[in-house]
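Student: model this:
(2 chains)
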Amino acid sequence: MEDAVKLREERQQLFCDVYDNKIPKRVPVNVGLSLNVVAGYAGISGKEALWHPEKLEKAADELCSMVFSDVCVYSGTILLPAKYQTLGANNMKVSNTGFMQHPNHVGFYPEDYDAFIENPYDCIIERVLPRNFKELDTPGRCMFAAAQAMTASNAVMGESMKLIRKLSEKYGYYSAEPGTGTGVYAPLDILTDTLRSLSGMSLDIRRMPQKVKAAVEAVYPLNYKVGLPQKVTNYGHAFFPLHLATFLKEKDFAELWWKPWLRQVTDYASMGYHSNGFCEHNWMRYLDYLMELPVDTQLQFEQGDPAVIKEKLGRRFILTGLFPLGILRTCTRQECIDKTKEFLDIMMPHGKFIFGFDKSALVYDDINLDNLIAVCETVRDYGVYSNPGEKAGEEFHKEDYVHSEVGAFESKYYKTWEQYLEENPNTPESAKDMITRLEDDIVKFVYGLCQ
Amino acid sequence: MLDYEALKEAMGDLEEDVVLEIMNKVMEDGGEQAGQAMKACQEGMNIVGERFATQEYFVSDLIFSGELMNEAMDIIRPALLKSTGESMGKMILCTVEGDLHDIGKNIVKAMLEASGFSVIDLGIDVKPSDIVRTAKEEGITIIGLSGVLTLAIDAMKATVEAFKDAGMRQDVKIIIGGAPVNQAVCDVVGADSWAVNPADTIKMCREWSHAA
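Tutor: Numbering: from 1, shown residues only, chains lettered A, B, ... in the order given. A predicted model of the protein is given here:
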């Protein structure tokens, strides 16, 4: 156990050095395997494992002992049937092979724009959720379904978190301090994914761009609120999976997608809170835009030329991703090792780099375990710096960023502390945190149903 | 009188108002030129496909083009029933087992239909056995398998194997398409061809159809 504590400290130092703009002793390895991958290794069907992550303990432990990583090799999942099926989800389904995902589904119709612009949260609750979740379209029943979904989700997620904590203690993995990170979407993405859908938004951008623009502006206070952490540190991040950007023409991207996201990331930077964007698909044509982001924004790339990306963005941002998961299946062990070294030669110089794959493995067959082990060990052994502790690149100063004016988040479905106190004047001030957290948890739950 | 070039160009430029106005005019004039109008739209869709391949258009433009094509065809459909366009025969298209994504499949479907194929769309999350059975029952020799997630690769491979097991592999041509697909994946899967844009899919399927 002492070894694990020491390892954890060393690993914490690696990540903190990267986030503190220092060259670390070696490249941190951020490789995790999701619930479905571990289930595949265990020989347990995804359908079963999604309900019982505790059944994966032995397999997850074995994988942790075999695959080198600085974060827990078992990463669980947030897509749980216990939550979605309880609500009768139309926008999230378990496939025949036991993998949960969202089919293209429209919950927000073109005629809903005016209501959405008037109050996004009200519109989501009154119009969108009942279409996306049939149990929420049934008066009376909707109360129980929502309560069950929250309880079931917390229970299953709790089992996964318990396992991650146990393995992290045993193997000394790094994890960010609780409450310092959040998950949120770019404003146009949250409006798109399971609200208008990709197909619906593609039509709206051509037919009614002004409505789209107004809706993106209207959703900002909600989006901003959901992305705020409980505590700001230099090591926590607002994680944004960036969906729609590369599917758009540059003109639409610049006006409708980029501006509101840049605003949100800049607002957070002005508070000292960093963002972590997963640049899905190929962002090579948008590298100049990315240069406008605050220093030390973490950027994970899926596709693109590592040399060009490193050359252009490497001094300003913390880069990760780009290493092709696909080669684990198509290359020999030695080829994987050689490609890992070539990749590190490009990405390591000047620090600001965390090793990670271009995409997460979804099922066990996505990886060849021997090759995965070889790649991770190569990063550990080859990715050693000769100048740890030196300054890495551009320095982040929150004072360089100006917070925009953000309208208050208001809804008839959201009660502020002041409103609560007025209705319940005998409530002590000490209850404020609890009351506020209960309201905010509902906001996050509702927002989570839109992803 | 139908302005063939103007319609083709409007479809290529995704000018919704112009395309729909011309289609309505075709019907007001009695619908005799519906077949020609459809051909102009098909050629316009080819322009869309080419512009996507050269990164002048992006995914959202392709989705819009599919919608526009459907709108245009809905207007002239009553007249089209009386005329015939070039038929490329039937083919199967689906998203493979384990994958629920259908946007890419639907774009390709719209463009294949615009090219004259009669597409049997088996939907999403389709088991290999269902694909083989449909091919057998309908006598279909061109199979398009779509997928977005990496897990689709194994399902594509399983589908190819299912055709082998049924003794039908030599009778069918299989093309795979979607985000995780490349030549190395095509080799692993054992498909006959692969594509990451609709234009290449259509080109390949047309070649196979002409050769059949």
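Student: and B:Glu15, what is it in contact with?
Tutor: Residues counted as contacts of B:Glu15 (Cβ atoms under 8 Å, 6 or more residues apart in numbering or on different chains): none. For every residue, glycine as well, the C-beta is placed using N, CA and C.
Student: checking the nearest residue to B:Ser65 once chain neighbours are set aside next. Helix, strand or coil?
Tutor: Nearest residue to B:Ser65 in three dimensions, chain neighbours excluded: B:Val48, at 4.5 Å (Cβ to Cβ, 6 or more residues apart in numbering or on different chains). Here B:Val48 takes the helix state, with states given by DSSP: H, G, I helix; E, B strand; the rest coil.
Student: quick check: B:Val48 touching B:Ser60?
Tutor: No: counting by Cβ atoms under 8 Å, B:Ser60 is not a contact partner of B:Val48; they are 12.0 Å apart.
Student: of these two, which one has the most company?
Tutor: B:Val48 (27 against 24; other Cβ atoms under 10 Å in any protein chain shown).
Student: which stretches of chain B form strands?
Tutor: B:89-95, B:117-121, B:142-146, B:173-177, B:193-195 (DSSP state E).
Student: for A:Tyr385, find the nearest of the ones you listed.
Tutor: The minimum distance between A:Tyr385 and the strands of chain B falls on strand B:193-195, with 40.3 Å, by Cβ to Cβ.
Student: where does pLDDT dip in the chain?
Tutor: Unless you meant another one, I'm taking chain A. Applying pLDDT under 70 to chain A flags the ranges A:1-2.
Student: wait, chain B
Tutor: B:81-86.
Student: which bits of it sit near chain A?
Tutor: B:14, B:16, B:55, B:57-61, B:63-64, B:67, B:97-103, B:106, B:124-125, B:127, B:149-151, B:153-155, B:179-180, B:182, B:184-185, B:188 (Cβ under 8 Å from any Cβ of the partner chain).
Student: what's the longest helix in the chain?
Tutor: Assuming you mean chain A. As assigned by DSSP state H, the longest helix anywhere in chain A is helix A:141-171.
Student: the intended chain is chain B.
Tutor: helix B:59-80.
Student: interface residues of the stretch 1-150 of chain A facing chain B?
Tutor: A:93, A:95-97, A:99, A:101-104.
Student: scan those and report the most crowded one.
Tutor: A:Phe99 (25 neighbours).
Student: distance of A:Pro229 from chain B?
Tutor: According to Cβ to the nearest Cβ, to the nearest Å, A:Pro229 and chain B sit 30 Å apart.
Student: in whichever strand in chain A runs longest, what counts as buried?
Tutor: Longest strand in chain A, counting residues (DSSP E): strand A:274-282. Neighbour-count burial for strand A:274-282, counted by 16 or more other Cβ atoms under 10 Å in any protein chain shown, picks out A:274-281.
Student: in chain A, which spans are strands?
Tutor: A:33-34, A:74-76, A:93-94, A:100-101, A:182-183, A:237-242, A:274-282, A:298-303, A:318-321.
Student: save those strands as JSON lines, and put in distance to A:Leu7 too.
Tutor: Shown next, in JSON lines, are these (distance: least, Cβ to Cβ, whole Å):
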{"stretch": "strand A:33-34", "distance to A:Leu7": "19"}
{"stretch": "strand A:74-76", "distance to A:Leu7": "17"}
{"stretch": "strand A:93-94", "distance to A:Leu7": "37"}
{"stretch": "strand A:100-101", "distance to A:Leu7": "33"}
{"stretch": "strand A:182-183", "distance to A:Leu7": "27"}
{"stretch": "strand A:237-242", "distance to A:Leu7": "23"}
{"stretch": "strand A:274-282", "distance to A:Leu7": "24"}
{"stretch": "strand A:298-303", "distance to A:Leu7": "23"}
{"stretch": "strand A:318-321", "distance to A:Leu7": "21"}
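Student: type out the PyMOL command that picks the buried ones from the residues of chain B next to chain A.
Tutor: Command for PyMOL that selects the buried part of the residues of chain B next to chain A, burial taken from 16+ other Cβ under 10 Å:
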select buried, chain B and resi 14+16+57+58+59+60+61+63+64+67+97+98+99+100+101+102+103+106+124+125+127+149+150+151+153+154+155+179+180+185+188
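Student: what about the residues of chain B next to chain A, which are in helices?
Tutor: B:16, B:59-61, B:63-64, B:67, B:103, B:106, B:153-155, B:184-185, B:188.
Student: one step back: just give me how far the longest helix of chain B sits from the chain centre.
Tutor: 13 Å (Cα atoms, centre = their mean, to the nearest Å).
Student: likewise stretch B:55-69?
Tutor: 13 Å.
Student: what sits up against it?
Tutor: So stretch B:55-69 is in contact with A:198-199, A:201-203, A:205-206, A:244, A:246-249, A:252, A:285, B:11, B:14, B:16, B:19, B:41, B:45, B:48, B:51-52, B:103, B:106-107, B:109-111, B:113-114, B:198, going by Cβ under 8 Å, 6+ apart.
Student: out of the residues you listed, which end up buried?
Tutor: By neighbour count, with 16+ other Cβ under 10 Å, the contacts of stretch B:55-69 hold A:198-199, A:201-203, A:205-206, A:244, A:246-248, A:252, B:11, B:14, B:16, B:19, B:41, B:45, B:48, B:51-52, B:103, B:106-107, B:109-111, B:113-114, B:198 as buried.
Student: tell me how many other residues surround A:Ser45.
Tutor: Residues near A:Ser45, counting by other Cβ under 10 Å: 13.
Student: what separation is there between it and B:Asp154?
Tutor: 15 Å (Cβ to Cβ, to the nearest Å).
Student: in JSON lines: the buried residues of strand A:274-282, plus distance to B:Leu2.
Tutor: Shown next, in JSON lines, are the buried residues of strand A:274-282 (distance: Cβ to Cβ, whole Å):
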{"residue": "A:His274", "distance to B:Leu2": "58"}
{"residue": "A:Ser275", "distance to B:Leu2": "53"}
{"residue": "A:Asn276", "distance to B:Leu2": "54"}
{"residue": "A:Gly277", "distance to B:Leu2": "49"}
{"residue": "A:Phe278", "distance to B:Leu2": "48"}
{"residue": "A:Cys279", "distance to B:Leu2": "45"}
{"residue": "A:Glu280", "distance to B:Leu2": "43"}
{"residue": "A:His281", "distance to B:Leu2": "39"}
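Student: which one of those residues is nearest to A:Leu319?
Tutor: Using Cβ to Cβ, the buried residues of strand A:274-282 come closest to A:Leu319 at A:Cys279, 10.2 Å.
Student: am I right that that closest one is in contact with A:Leu299?
Tutor: Yes: using Cβ under 8 Å, A:Cys279 is in contact with A:Leu299, at 5.9 Å.
Student: shared neighbours of the two, anything?
Tutor: What both A:Cys279 and A:Leu299 touch, as defined by Cβ under 8 Å, 6+ apart, is the set A:290, A:321.
Student: can you pull the contacts of residue 186?
Tutor: All of this refers to chain A. A:240, A:242-245, A:257, A:260-261, A:264.
Student: right idea, wrong chain: chain B
Tutor: Contacts of B:Cys186 by Cβ under 8 Å, 6+ apart are B:176, B:193-194.
Student: and the residue nearest to A:Thr416 when sequence neighbours are not counted, how far is that from chain B?
Tutor: Nearest residue to A:Thr416 in three dimensions, chain neighbours excluded: A:Glu439, at 7.8 Å (Cβ to Cβ, 6+ apart). Distance, A:Glu439 to chain B, by Cβ to the nearest Cβ: 34 Å.
Student: so who does A:Glu439 touch?
Tutor: Taking Cβ under 8 Å, 6+ apart, one finds A:414-416 in contact with A:Glu439.
Student: what's the separation between the nearest residue to B:Ala152 once chain neighbours are set aside and B:Glu32?
Tutor: Nearest non-adjacent residue to B:Ala152, counting by Cβ to Cβ, 6+ apart: B:Asp99, 4.5 Å away. Relative to B:Glu32, B:Asp99 is positioned 44 Å away (Cβ to Cβ).
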